[in-house]
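Colleague: Sharing a model that was predicted from the sequence below.
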2 protein chains.
Amino acid sequence: MAGFRHVVMFRWNESATEERKRELVERLTALPGAIREIEAYHVGADAGLNPGNFDFAVVADFADRDAYTVYRDHPVHRAVIDECLTPILAERAAVQYGL
Amino acid sequence: MAGFRHVVMFRWNESATEERKRELVERLTALPGAIREIEAYHVGADAGLNPGNFDFAVVADFADRDAYTVYRDHPVHRAVIDECLTPILAERAAVQYGL
C-alpha cells in the first residue's frame, strides 16, 4: 500500500450562500499548512456536467491510516467542520481506502 | 486548472457477493489500459474506520472535462457499469471538479 485516501462529498442546504461556501474553501485549503500529515489535498465544487451529483468534494491523501486519523481528529480540522461546514451541510458521503 | 477529477462512491445491495465485487474491481482496474484519456485511476473498498460510510470509491483524473466525458461515455466503461456495477448497486454519489 502506497498511501491512504480520504474521499468525502457534500450536498449543501438552503443556508449555503456563495460567501459561506467561499469561506469553507478558504479554510479547507489552509489545512495542509496546519496539519503536516496531509500529503495531497484537492477540493472542488461540482462542475455541473451530470444531474444528481453532490455539490462539493474533498480528496485528501496520507501516508497511512494513522496519518488520516490525525487529520480527522485534528482540532484545526474540527473547527472548520463545526464553524464552516456543518451550518451549510445537508448530506455527506465518505469513503477511506488504501492506495 | 491542472486537470479534471471524477469522484464516485457506491453502496452495495444484497446481491454484492465478494466474487461480484472482486470482478468489478478487476474490470475497473483494467480501464486505464483500454481508455487512454485516464491519467490516474484509484479504486478501493472502504477501510471500515468510520460508521455510515459508503462501501467503495473511484477517483479518476483526466487532462480536462472533455477527456472525462470520453471516459464516461466510452463503451468499454459502459459495459463494466452495465455488467458488473448496476447489478450490485444500491446507492451512488458523484462529483466532478477541476484540479
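Modeller: Good, I have the coordinates. Numbering: from 1, shown residues only, chains lettered A, B, ... in the order given.
Colleague: can the helix ranked longest in chain A be found next to chain B?
Modeller: Taking DSSP state H as the assignment, the helix of chain A that covers the most residues is helix A:18-29. No - judged by C-beta under 8 Å from any C-beta of the partner chain, helix A:18-29 stays clear of chain B, getting no closer than 11.2 Å. The way it works is simple: take the backbone N, C-alpha and C, and place the C-beta from them, glycine included.
Colleague: Dump that helix to PDB, keeping only the CA atoms.
Modeller: Extracted as PDB, the C-alpha positions of helix A:18-29 are listed here (Å, rounded to 0.1, in the frame of the first residue of the first chain):
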ATOM      1  CA  GLU A  18     -21.800  31.800  -2.000                       C
ATOM      2  CA  GLU A  19     -20.000  33.700   0.800                       C
ATOM      3  CA  ARG A  20     -20.200  30.700   3.200                       C
ATOM      4  CA  LYS A  21     -19.100  28.300   0.500                       C
ATOM      5  CA  ARG A  22     -16.100  30.600  -0.300                       C
ATOM      6  CA  GLU A  23     -15.200  30.800   3.400                       C
ATOM      7  CA  LEU A  24     -15.300  27.000   3.700                       C
ATOM      8  CA  VAL A  25     -13.000  26.600   0.600                       C
ATOM      9  CA  GLU A  26     -10.500  29.100   2.100                       C
ATOM     10  CA  ARG A  27     -10.500  27.300   5.500                       C
ATOM     11  CA  LEU A  28     -10.200  23.900   3.900                       C
ATOM     12  CA  THR A  29      -7.300  24.900   1.600                       C
END
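Colleague: That one packs against which elements?
Modeller: In this structure, helix A:18-29 makes packing contacts with strand A:40-45, helix A:75-80, judged by 3 or more C-beta pairs under 8 Å, 6 or more residues apart in numbering or on different chains; DSSP states H and E.
Colleague: Would you mark the buried spots in that helix?
Modeller: Across helix A:18-29, burial judged by 16 or more other C-beta atoms under 10 Å in any protein chain shown covers A:21, A:24, A:27-28.
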